[in-house]
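Colleague: just coords:
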């Protein structure tokens with residue numbers, strides 16, 4: 001018979017749970033085994049872009065923290081979630097067809113995403129966004145893009161925001 005090594009801490013924890021079960025008691029909540037899987041930063045970011053493609057604010061809203069901020073060179077300086085919805089989502093959602101993520105490079109709760117966005121009018125634009133995650137939600141996005149003349153997009157003159 002082969003002996004299995006177990007630390008004293010684990011042995012005591014197992015014994016305590018076993019004793020509690022034998023006595024008909026529920027184990028303490030901190031002794032329960034965590035079975036819920038947490039989403040990775042990459043999964044959260046991919047859900048964010050998919051929510052744009054589905055044209056449904058509800059799932060996107062659920063992915064954003066209540067104190068979410070958005071920043072871009074388009075006069076968006078740490079705007080709130082409600083300002084983002086009004087100034088970005090509502091003005092652009094009808095133009096967005098889909099996103100093609102080219103690079104997603106992250107560490108811990110932050111990532112840089114480089115993507116091409118294809119618009120419904122056959123144009124495209126490439127952006128790089130820095131995304132910060134907190135508690136499995138998007139806390140902040142900083143968007144970096146080229147000039148309108150070099151990257152025709154949904155926000156180009158006459159197609160969205162002026």
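Modeller: Nice, I can see it. None of these values were measured; they are calculated from a predicted model.

Colleague: domain-wise, how is this structure divided?
Modeller: 1-36, 41-145 (automatic domain parsing).

Colleague: residues in contact with stretch 73-89?
Modeller: With contact meaning Cβ atoms under 8 Å, 6 or more residues apart in numbering, stretch 73-89 is reached by 57, 60-61, 64-71, 140, 143-145, 155, 161. (Each C-beta comes from the backbone N, C-alpha and C, glycine too.)

Colleague: I meant to write stretch 130-145 there.
Modeller: 38-39, 41, 44-45, 48, 62-65, 67-73, 76, 78, 106, 109-113, 125-129, 151, 153.

Colleague: cool, stretch 54-69 as well?
Modeller: Contacts of stretch 54-69 (Cβ under 8 Å, 6+ apart): 44, 47-48, 51-52, 78-81, 84-85, 89, 93, 134-135, 137-141.

Colleague: gap between the two ends of it?
Modeller: 22 Å (Cα to Cα, to the nearest Å).

Colleague: any stretches of the protein with poor pLDDT?
Modeller: 1-36, 146-162 (pLDDT under 70).

Colleague: now do the helices in it.
Modeller: 8-22, 41-54, 57-63, 81-84, 90-92 (DSSP state H).
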